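> okay, here's the prediction I keep looking at, along with the sequence it came from:
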Amino acid sequence: MAVKRNRPRASKAPKATDAPAGGFVPLRSLRPVPQSTDAILAEIRRIYFETTARTIDGDLQHAVALLKALPDEDTRERATVYMEGLADMRKEFKR
């Protein structure tokens, strides 16, 4: 009978999904916030169309930060469609 030797396993590299959602900061969010409301809305729209299952948590956090930078409720209402879409995508991707 052969004796098995305990060999150390190769360490498993951490996956992006292993990190807590609150600890991830996308590099795009470190850029200065666009100053004009149209630029902020365009950035939220871009995030909506470019998000993937892998990046949804960071993209949603970035979009919320941009939403907070909008000056009033009227302009925030213009971003509602994209924000609700991001929230729906996150629910779908988490299944």
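Nice, thanks for sending it over. Numbers count the residues shown, from 1 in each chain.

> and the pLDDT at Lys12?
According to the prediction, Lys12 has pLDDT 49.

> the chain should start at 25 in everything you say after this.
Will do, 25 is the new start, and the previous item becomes Lys36.

> near the nearest residue to Arg114 once chain neighbours are set aside, how many other residues are there?
Closest residue to Arg114 apart from its sequence neighbours, by CB to CB, 6 or more residues apart in numbering: Ile80 at 4.9 Å. All C-beta atoms are positioned from the backbone trio N, CA, C, and that covers glycine. The local packing of Ile80 (other CB atoms under 10 Å) involves 20 other residues.

> so Ile80 makes contact with Leu110?
Yes. Between Ile80 and Leu110 a contact is recorded at 7.3 Å, counting by CB atoms under 8 Å.

> and Ala89, how many neighbours does it have?
With other CB under 10 Å as criterion, Ala89 counts 12.

> please, which helix or strand holds it?
helix 80-92 (DSSP states H and E).

> quick one: buried residues of that helix?
Ile80, Asp81, Gly82, Asp83, Leu84, Gln85, His86, Ala87, Leu90, Leu91 (16 or more other CB atoms under 10 Å).

> show me what the strand or helix carrying Ile64 is packed up against.
Using DSSP H and E, Ile64 sits in helix 61-74. Under the contact criterion of 3 or more CB pairs under 8 Å, 6 or more residues apart in numbering; DSSP states H and E, helix 61-74 touches helix 80-92, helix 97-102, helix 104-118.

> of the ones you listed, which is nearest Ala63?
Of all these, helix 80-92 sits nearest to Ala63, with 9.5 Å by CB to CB.

> any idea which of the helices and strands packed on helix 61-74 gets closest to Ser60?
Nearest of these to Ser60, taken as CB to CB: helix 97-102 at 10.4 Å.
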